[in-house]
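Q: Next come a sequence and a model predicted from it.
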Amino acid sequence: MSAELKPCPFCGGVPEVKRARVHNARFLHWIVCGCGAGIGSDSANYLRDEVVGKWNRRDFDGGGDASATIIPCPFCGGAPRVIEGKRFGEPKGSKDEFFYWVLCESCGAYKSNGVPCRRVAMIGNWNVRVAVQQCLVIND
């Protein structure tokens, strides 16, 4: 029986499991959410349930803010980094529209806006967690 996916820690949305066939009839699995968050593997040895386990792991459920300091990865607690790039096929000297995404090299989790944005905006996008908004429980 396959494990059920937890909601996205960034937006609370419903993620989706994707797969692609690679050599020797193996499948590469990854999980994506409509907000641009995802986690996967660079190896075809990961089974679907192993990738689901990576997604469901929540070592850092603390909330963040839109400051310029990146908070730890919500999946593994690792230290992510910001990656900068330009749109594929843009000629040299074209308008400086950079795409930023945040990548946790410990577990492979990532977050991307998919549109040009400022670096600090992408960090803020990574730092805002749905856990802060949805997990306010008062115990009597």
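A: Received it, and whenever you're ready, just let me know what you need.
Q: Can you classify F99 as helix, strand or coil?
A: Secondary structure, DSSP: H, G, I helix; E, B strand; the rest coil: F99 is strand.
Q: Who's the closest spatial neighbour of it, skipping the chain neighbours?
A: Nearest residue to F99, sequence neighbours excluded (C-beta to C-beta, 6 or more residues apart in numbering): G85, at 5.3 Å. Where you see a C-beta, it was placed from the backbone N, CA and C, and this is true even at glycine.
Q: so the residue nearest to C107 when sequence neighbours are not counted is in which element?
A: Using C-beta to C-beta, 6+ apart and skipping the chain neighbours, the partner closest in space to C107 is C76 (4.0 Å). Counting by DSSP states H and E, there is no helix or strand that carries C76.
Q: Count the neighbours of C76 for me.
A: Neighbourhood size, C76 [other C-beta atoms under 10 Å]: 19.
Q: And E84, what's its pLDDT?
A: Looking at E84, its pLDDT is 81.
Q: my read: it touches V102, true?
A: No - the criterion here is C-beta atoms under 8 Å, and E84 misses it with V102 at 10.8 Å.
Q: more crowded one of the two?
A: Set E84 next to V102 and count neighbours by other C-beta under 10 Å: V102 wins out with 23 against 10.
Q: Give me the buried positions along the host helix or strand of that one.
A: Element membership for V102, per DSSP H and E: strand 98-103. By 16 or more other C-beta atoms under 10 Å, the buried positions in strand 98-103 come out as 99-103.
Q: Pull up the pairing partners for that strand, direction included.
A: The strands beside strand 98-103 in its sheet (DSSP bridges) come out as strand 81-86 (antiparallel), strand 110-112 (antiparallel).
Q: Now distance to K6 too, for these, in CSV please.
A: Converted to CSV, these look like this (distance: least, C-beta to C-beta, whole Å):
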stretch, distance to K6
strand 81-86, 24
strand 110-112, 16
